[in-house]
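J.: predicted model follows, preceded by the sequence.
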Amino acid sequence: MDEENESTIYKHSLKIRSKFERNSFTPYITSIGNQIIVLAIDLGTADSSKVRFLKVINTLQYAKVGESSQIGIGVGRQYQSLLDAHAGYREAQLALNYRTLSSSVFYEDLGIFRLLLRCQ
């Protein structure tokens, strides 16, 4: 079972890498359990990064239609320094956790939920 799971994650990682690279991102990919984590370095212009990221997300979600597994996506804010990657990862996890309450996958779009998270 572990080999099958690793094989599936590897195949998805290849697809993810291709989709990010086509949209001017350099992806660094790892996995923890059944989660695939992507650190995406933006090579394009900052004003179009969210639009390009949405293209990646839409193609990933479209590719999953008809498959039995679910895809959940959470996206942290964009940072200039790799030293802040941990903050982006934490934000992506929060965006994923609040996905049922928000129509966006982006942490920055959580609105009032971001304020509530700080109160916790």
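T.: Done, it's in.
J.: alpha carbons only for contacts and neighbour counts from here, please
T.: Will do.
J.: now do the contacts for residue 98.
T.: With contact taken as Cα atoms under 8 Å, 6 or more residues apart in numbering, residue 98 is in contact with residue 110.
J.: tell me how far it lies from residue 105.
T.: Using Cα to Cα, to the nearest Å, residue 98 is found at 9 Å from residue 105.
J.: likewise for residue 111?
T.: 12 Å.
J.: mind listing the residues bridging to residue 41?
T.: Counting by DSSP bridges, residue 41 forms beta bridges with residue 26.
J.: counting neighbours, what do you get for it?
T.: Using other Cα atoms under 10 Å, residue 41 has 17 neighbouring residues.
J.: that one touches residue 21, doesn't it?
T.: No: using Cα atoms under 8 Å, residue 41 is not in contact with residue 21, being 9.9 Å away.
J.: could you name every residue contacting both of those two?
T.: Common neighbours of residue 41 and residue 21 (Cα under 8 Å, 6+ apart) are residue 27.
J.: tell me which of residue 111 and residue 105 has more neighbours.
T.: Remark: of residue 111 and residue 105, residue 105 carries more neighbours, 23 against 10, as counted by other Cα under 10 Å.
J.: got the domain ranges for the protein?
T.: Annotated domains of the chain cover 1-67, 72-120 [automatic domain parsing].
J.: CSV for those domains, including mean pLDDT?
T.: CSV is the format used below for the domains of the chain (pLDDT from 0 to 100):
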stretch, mean pLDDT
domain 1-67, 86
domain 72-120, 85
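J.: buried residues in the longest helix along the chain?
T.: Counting residues, the longest helix found in the chain (DSSP state H) is helix 2-22. Buried positions in helix 2-22, judged by neighbour count with 16 or more other Cα atoms under 10 Å: 9, 10, 13, 16, 17, 19, 20, 21.
J.: got the residues you listed as CSV, with distance to residue 28 columns?
T.: Listed next are these as CSV, based on distance: Cα to Cα, whole Å:
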residue, distance to residue 28
9, 14
10, 13
13, 10
16, 10
17, 8
19, 13
20, 10
21, 11
